[in-house]
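structure for this input, please:
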Amino acid sequence: MKNFTLGLNIVLAVAVAVLFYLHFSATKKTAAADKQQPQSSTGSFKIAYFEMDSIENHYEYLKDVRKSLRTLEQQKSDELSVLRNDYKTVLQGYQSRGKSMTQEDMAKANEDLQRRDMELKNQEQIKTQELQDASIQKIQQVKKKIEEYLKEFNKDKTYAYILASSGDIMYYKDSVYSVTNEILKGLNDEYKKKKQ
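Got it, this is the predicted structure:
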């Protein structure tokens, strides 16, 4: 009986040692896994949003981009006006000579007017495409600046998502989660530094 009790005690001691080992090694693995997974104090993620119309109306860089695009649009419009005026001047010149022109002169004038008309239409397409390309490029630059700033803004990983709110996209939002003012201030401060 003494040997049986001694054997049982040895088996129990080994079993307790194995349980301790398994318990503490599992805790270390769980702790290591927890360190790899970002968690907030509540175990859920946070979402914030900003009002896109506020950014569009108050972001100084975007205002400057719009101003430069308006200037470019005016420049393209002025270039086209010169071409249109040249066409009108040539047309009026031909019209004033009208009855004194020979059949051959009229044919040449007609060819010249058609060529000028095609050139004018071609230039209108080119200028429109140039303006469209410049607009797309500038808007992509603005979007990239906002995205880069949001990465910096959220470098502490406070938010899982930061959404741009637009009236036709979001149906409900709680203003408690708005970060519009902070983002707008940060974007404008960053832009002022780069302008100096």
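
and the residue nearest to the spatial centre of the chain, how close does it get to Tyr177?
Residue closest to the mean C-alpha point of the chain, counted by CA atoms, centre = their mean, is Lys143 at 2.5 Å. Taking CB to CB, to the nearest Å as the measure, Lys143 and Tyr177 are separated by 22 Å. For every residue, glycine as well, the C-beta is placed using N, CA and C.

for the residue nearest to the centre of the chain, grab phi and psi.
Main-chain torsions, Lys143, degrees, to the nearest 10: phi -60, psi -40.

could you chop the chain up by domain?
1-37, 38-195 (automatic domain parsing).

including mean pLDDT, could those domains go into TSV?
Formatted as TSV, the entries for the domains of the chain read as follows, by pLDDT from 0 to 100:
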stretch	mean pLDDT
domain 1-37	48
domain 38-195	91
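
need the winner for burial among the ones you listed.
Mean neighbour count, computed with mean count of other CB atoms under 10 Å, is highest for domain 38-195 among those, reaching a mean of 13.

what's the distance between that domain and the middle of its chain?
For domain 38-195, the distance from its own C-alpha centre to the chain's C-alpha centre is 13 Å (CA atoms, centre = their mean, to the nearest Å).

name the element Leu184 belongs to?
Secondary-structure element containing Leu184, defined by DSSP states H and E: helix 180-195.

touching that helix from outside, list them.
49-51, 54-55, 58-61, 145-146, 149-150, 152-153, 162 (CB atoms under 8 Å, 6 or more residues apart in numbering).

let's see it at 7 Å
Among residues not part of helix 180-195, those counted as contacts by CB atoms under 7 Å, 6 or more residues apart in numbering are Phe50, Glu51, Ser54, Ile55, His58, Tyr59, Glu60, Tyr61, Ile146, Tyr149, Phe153.

same question, stretch 94-112
Surrounding stretch 94-112, the residues in contact under the criterion CB under 7 Å, 6+ apart are Leu113.

so how far does it reach from one end to the other?
Here the two ends of stretch 94-112 are set 10 Å apart, with distance taken as CA to CA, to the nearest Å.

the chain: helices as residue ranges?
Secondary structure of the chain, counting by DSSP state H: helices at 2-36, 52-58, 60-97, 103-153, 180-195.

quick one, which of these is nearest to Met170?
Comparison of those against Met170 by CB to CB identifies helix 52-58 as nearest, at 9.8 Å.
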